[in-house]
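Participant: Quick check, what structure comes out for this input:
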Amino acid sequence: MRYYIVDAFTDRPFGGNPAGVVLLGNAPFPDEGLMLQVAAELRYSETAFVRRLSTAEYHLRFFTPVAEVELCGHATIATFALLHRLGLADGRCLCHTLAGDLTIEAGDRVMMQMATPRIVETITDTEGIYKALGLNLSKFKIQNSNFVLPVQIAYAGLKDIMISVPDAETLNALQPDMEAVAAVSKALDAVSFHVFALPTNALTHSHVNTFPITAHVRDFAPLYDIPEESATGTANAALTHYLAVNGVIPPQGDFAFLQGEVMGRPSVVATRIAPDGTVYVGGTAAIVAEGNLFPNSRINTLTHSL
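Facilitator: Model prediction:
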């Protein structure tokens, strides 16, 4: 199996969010246990396994080091940026995933259609959520009287908990209790805590990749062995829908989210709400490395020459 390491949501290596991408050609998917072992060996938050069904049709499956997930935005962006670079995909493609069939625009910048977004649930008892983030809820509300955005679980392929804080300074200072975050995520059947802060001047704060920054974000998914992720496509697509539903952004247009600042891997995740309400997420990617996987080899059968 041929594998690549690709950094998504950046235009240079060692930025953005890295993903493993394993190309299978038109061969069937390997055994699930083997794919999980490969993902654990590569150690990235997600590894995508890719089958090519035709010139414009692909089947993707995604594995964290500990489990299969239905969809991974940054790994999908990484995959189609790679396929485009290899001359295997260009323009509109169909992508089959466990979250459904998605339309992908493959090119120097990849944009992917997300699963139909929705608000799954509004959380009224939020004390455990803020405690897991290291925030005293009562004190936090008193100090931030304009703190009015609800805590909600939003879906755009995965269920993520949307949590607002008043500013980027508060966001960047968070030191979550990862065991508590994992426990709350499991209880609410969600993948991550997706914490965000709107820029001081809302949509005119700064420009990156021609888009104003809509929000600064951090994403914590320790339940899936991902303490923090530097760029999350599905969660930012869900956040885009959440912000539109709550009247923070217009019901259609282009948006951008800055993530990974604290991790030293700044990433820009572009999103779009189409006139019909469909949410797209995308960005650029950089190929860092490539190699071969030998899952059935034995060290004593290999010969080496220098």
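Participant: all helices of the stretch 101-250 of the chain, in order?
Facilitator: Using DSSP state H, counting those that start in this stretch, the helices of the stretch 101-250 of the chain run over 127-132, 137-143, 168-173, 178-187, 233-245.
Participant: So this protein: which segments form each domain?
Facilitator: 2-115+287-292, 118-277 (automatic domain parsing).
Participant: quick one: average confidence on the last one?
Facilitator: To tie it back to what came earlier, the one meant is domain 118-277. With pLDDT averaged residue by residue, domain 118-277 scores 88.
Participant: number of nearby residues for residue 46?
Facilitator: Neighbours of residue 46 under the rule other C-beta atoms under 10 Å: 29. From N, CA and C alone the C-beta is placed, and that goes for glycine too.
Participant: Ramachandran angles for it?
Facilitator: The phi/psi pair for residue 46 (degrees, to the nearest 10) reads phi -140, psi 150.
Participant: wait, doesn't residue 285 sit right on residue 12?
Facilitator: No. Using C-beta atoms under 8 Å, residue 285 is not in contact with residue 12; the gap is 10.1 Å.
Participant: These two: who's more crowded?
Facilitator: For residue 285 versus residue 12, neighbours defined as other C-beta under 10 Å are more numerous around residue 285 (30 against 10).
Participant: Quick check: the more buried one vs residue 254, distance?
Facilitator: Going from residue 285 to residue 254 by C-beta to C-beta, to the nearest Å gives 19 Å.
Participant: which residues does the most centrally placed residue in the chain contact?
Facilitator: Nearest to the centroid of the C-alpha atoms of the chain, with distances taken as C-alpha atoms, centre = their mean, sits residue 232, at 2.1 Å. Residues counted as contacts of residue 232 (C-beta atoms under 8 Å, 6 or more residues apart in numbering) are 17, 73-74, 160, 192, 194, 217, 219, 259, 269.
Participant: ok, now residue 12?
Facilitator: residue 286 are the contacts of residue 12 under C-beta under 8 Å, 6+ apart.
Participant: Which secondary structure state does it sit in?
Facilitator: Assigned by DSSP: H, G, I helix; E, B strand; the rest coil, the conformation of residue 12 is coil.
Participant: What confidence value was assigned to it?
Facilitator: Predicted confidence (pLDDT) for residue 12: 85.
Participant: just residue 306 next, same as before
Facilitator: So residue 306 comes in at 42 (pLDDT).
Participant: Likewise for residue 297?
Facilitator: So, for residue 297, pLDDT stands at 63.
Participant: now swap in residue 53 and tell me
Facilitator: On pLDDT, residue 53 comes in at 96.
Participant: Same list (the helices of the stretch 101-250 of the chain) but as TSV, adding distance to residue 89 and mean neighbour count.
Facilitator: Listed next are the helices of the stretch 101-250 of the chain as TSV, based on distance: least, C-beta to C-beta, whole Å; neighbours: other C-beta atoms under 10 Å:
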stretch	distance to residue 89	mean neighbour count
helix 127-132	40	17
helix 137-143	46	12
helix 168-173	36	16
helix 178-187	34	16
helix 233-245	17	29
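Participant: These: which one's closest to residue 99?
Facilitator: Residue 99 lies closest to helix 233-245 among those, at 8.3 Å (C-beta to C-beta).
Participant: I appreciate the help and will end here.
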